[in-house]
Structure formats: structure tokens, C-alpha cells
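Colleague: just coords:
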Ligand SMILES: Nc1ncnc2c1ncn2[C@@H]1O[C@H](COP(=O)(O)OP(=O)(O)O)[C@@H](O)[C@H]1O
Ligand SMILES: CC(=O)N[C@@H](CCC(=O)OP(=O)(O)O)C(=O)O
């Protein structure tokens, strides 16, 4: 017989209290769709990517319906550099030539998407990879994302970004079919150009993720990034915001610096579009998603609707 020492008992009780703290959240989020944006910076670390894949499988087993939208900015930049193709960002967006677009599509839809799908599927056949070009069997001819070209405003002037677009409509059936089949959809941010058949556009992954969250009427929208959350007075580390309403965020948005602008715009669009809760959390912290979803205090910055 083995005696339990006091330290081991205290440790076991602490673990049980962490588990029971999750109960109200397990109840609240049972069957909920959670769209999670996973950025390319977190993916630079294999350990973080593996932890992310575990979190998605955890959410799925906990009764949620996770949907992943991924970026891959650093991976695209590395491949373009290897190929000697120049790559420039203007107003936070990559200027995308036809030559660069072929690389963007390949890196996002093959390498990054394939790697995430493989890591999730190490835990069982859960993941299904899609790009915005995917079509549902019931609606042939209508892609998941339809894009329209956009420019960017730099120093008050609109500049051309080449083959860069916004998602202007979403046909979510292909993703809903995967969810209904018990799968975890893993989506890359490439969108067919609605005005130019055969052409695809490079879409910022934060913005593609929020468009999908709205179309799926998601309960939760999470963006992983490389800071602890939104700082109201960046870079003052004492100004981390834990909860902000969409009205407050709308006022703060014009004061934000690049980097945070697309993320906070995506959160605002998601909440304005009916997503009940959006949050930006620290992707550098392993399993930060679990802390956000299943603990009382949560982490990062929550963006809630004006009537919350
Ligand atoms: N108000 C702010 N709060 C937090 N981060 C900010 C703020 N303003 C600018 N930033 C910058 O935005 C960065 C996050 O944006 P980005 O680098 O595009 O993230 P990711 O690589 O996750 O897509 C942070 O690392 C930080 O340097
Ligand atoms: C138009 C535009 O800039 N598209 C992005 C798409 C990838 C992305 O958004 O990746 P992260 O989430 O890792 O930043 C790009 O080419 O880098």
C-alpha cells in the first residue's frame, strides 16, 4: 500500500479544483462554434504549433466545435526570400504580384494548412483542410470566400496592393458540413476574385477569420497574437485591457498603431456581426486558449457587444 503524503494530496486537490472550475464553461460552450485565428508568428515554433493542435482536439472533445483559420505571413516571407522574389508590406498588407500570389497560395494552402491538419490528425482523424476556394457539394460554383480587390491608405493616399482582397461574401456550407461530420475545419485565407474568374486574392487572415466567424454565427472568436492582449496606451505595459465594449473599441481604434489595427478591426467586425464574444490572447503562451475558454478570469482582452 502506498501512503499519500500531504504535498501530493494538496497537489491533487489543486488539480481537481482546476478541473471543476471548468464546469460552468463546459456547460455554457457545449455545442458552441469557436473560430480561432492562428497566426504565422506562433507557427514559427513547432512546440507552440503542437500545443495549438492539442488545444483544438481538447475543445472538440470538450463539446465545442472549433474552426481554425490560419495565417502564415512569416512562412510566405521566407519562401519568397528563398525564391528571390521581393516582398513589401504597405499599410499592413503584403503587396502581392501574380508571381508572389502563386507562392502565397502554395505556402498557405499546402504547407501551412497541411502541417496543421497533420498535427491535429496525430490525435485521430479530426481535421479537414480547406481554402477559400472550397465549394460545398450542395452549392457547386459558390466558393467558401468571395473576394474583391482592395488598396490600402498610406499617408492619406490610396495605394495599389496588387492581388490583395477583402472577403465580401462567405458561403459557409462547406465548413458547416465538415462540422456536422464531427470534423475540425482548418481554413486558409485565399479568396477567389468575384470580379475576375480564375483569379485568386491574398486576404489578411485576421479579416478572413472574422468574416467566417460572422457567417457561421460563431459563439466565440479568438485571435492568437504575440502580445498579452490590447494595450490602451501602447507600449505602456500597465495599460493591458481585460474587457472592452465594441463602442469603447470604436473610439480607441483611430489611436492604435499598425499590427493591432487589423486584429482589433477583425474583432469589432465579428462582434458587430453578431459573434457573442471575441478575444485577443497571447499565442506565445502554450495552451492559452484553454485558459481563455475554461477559467473564470480568462486571459487577454475580451471584446463584447455594446449591450453586454
Ligand atoms: N495597442 C496595442 N496593443 C498591443 N499591441 C500593439 C498595440 N499597438 C501595436 N501593437 C503591436 O502589434 C503587434 C501584434 O500585431 P502583429 O505583429 O501583426 O501580430 P501577429 O504576428 O500575431 O499577426 C504587437 O506585437 C505589438 O508590437
Ligand atoms: C494581404 C496579406 O498581407 N496577407 C497575408 C496573409 C497571411 C497572414 O495574414 O498571416 P499572419 O496571420 O501570419 O500575419 C500575407 O501575405 O502575409
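Modeller: Alright, I've got the coordinates. Quantities reported herein were computed from a predicted structural model and do not represent experimental measurements. Ligands and ions are numbered 1, 2, ... in the order given.

Colleague: Quick check: phi and psi on the closest residue to residue 22 other than its chain neighbours?
Modeller: Leaving aside its sequence neighbours, residue 22 sits nearest to residue 294 (Cβ to Cβ, 6 or more residues apart in numbering; 4.0 Å). No exception for glycine: its C-beta is placed from N, CA and C like everyone else's. Dihedral pair for residue 294: phi -110, psi 10, per degrees, to the nearest 10.

Colleague: Quickly note the distance from residue 294 to residue 62.
Modeller: Counting by Cβ to Cβ, to the nearest Å, the gap from residue 294 to residue 62 is 8 Å.

Colleague: Are there residues contacting both of these two? Which ones?
Modeller: Residues touching both residue 294 and residue 62 by Cβ atoms under 8 Å, 6 or more residues apart in numbering: 22, 26.

Colleague: follow-up on the earlier one: the residue nearest to residue 22 and residue 19: what is the separation?
Modeller: In this structure, residue 294 and residue 19 are 9 Å apart, going by Cβ to Cβ.

Colleague: what pairs with the helix or strand hosting residue 167, and is each one parallel or antiparallel?
Modeller: Assigned by DSSP states H and E, residue 167 falls within strand 165-170. Using DSSP bridges, the strands paired with strand 165-170 in its sheet are strand 145-149 (antiparallel).

Colleague: Is the helix or strand where residue 251 lies positioned near ligand 1?
Modeller: Using DSSP H and E, the secondary-structure element containing residue 251 is helix 246-252. No. Against ligand 1, helix 246-252 shows no contacts by Cβ under 6 Å from any ligand atom, the least distance being 8.2 Å.

Colleague: Tell me the helices and strands packed up against the next helix or strand after that helix.
Modeller: On the C-terminal side of helix 246-252, the nearest following helix or strand under DSSP H and E is helix 260-272. For helix 260-272, the elements it packs on are helix 205-215, strand 220-225, helix 246-252, strand 277-282, strand 301-304, judged by 3 or more Cβ pairs under 8 Å, 6 or more residues apart in numbering; DSSP states H and E.

Colleague: one more time with 6 Å, if that's ok
Modeller: Using 3 or more Cβ pairs under 6 Å, 6 or more residues apart in numbering; DSSP states H and E as the contact definition, the elements that helix 260-272 packs against are helix 205-215, helix 246-252, strand 277-282.

Colleague: Tell me the buried residues in it?
Modeller: Of all the residues in helix 260-272, those buried under the rule 16 or more other Cβ atoms under 10 Å are 260, 262-272.

Colleague: what stretches of the stretch 1-150 of the chain score poorly on pLDDT?
Modeller: With pLDDT under 70 as the threshold, the stretch 1-150 of the chain has low-confidence stretches at 1-4.

Colleague: Which residues of the stretch 51-200 of the chain lie near ligand 2?
Modeller: Residues of the stretch 51-200 of the chain lying near ligand 2 (Cβ under 6 Å from any ligand atom): 71-73, 76, 93-94, 104, 164, 189.

Colleague: want to throw those residues into JSON lines with secondary structure and neighbour count?
Modeller: Shown next, in JSON lines, are these (DSSP: H, G, I helix; E, B strand; the rest coil; neighbours: other Cβ atoms under 10 Å):
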{"residue": "71", "secondary structure": "coil", "neighbour count": "25"}
{"residue": "72", "secondary structure": "coil", "neighbour count": "26"}
{"residue": "73", "secondary structure": "helix", "neighbour count": "19"}
{"residue": "76", "secondary structure": "helix", "neighbour count": "24"}
{"residue": "93", "secondary structure": "strand", "neighbour count": "22"}
{"residue": "94", "secondary structure": "strand", "neighbour count": "22"}
{"residue": "104", "secondary structure": "helix", "neighbour count": "27"}
{"residue": "164", "secondary structure": "strand", "neighbour count": "23"}
{"residue": "189", "secondary structure": "coil", "neighbour count": "29"}
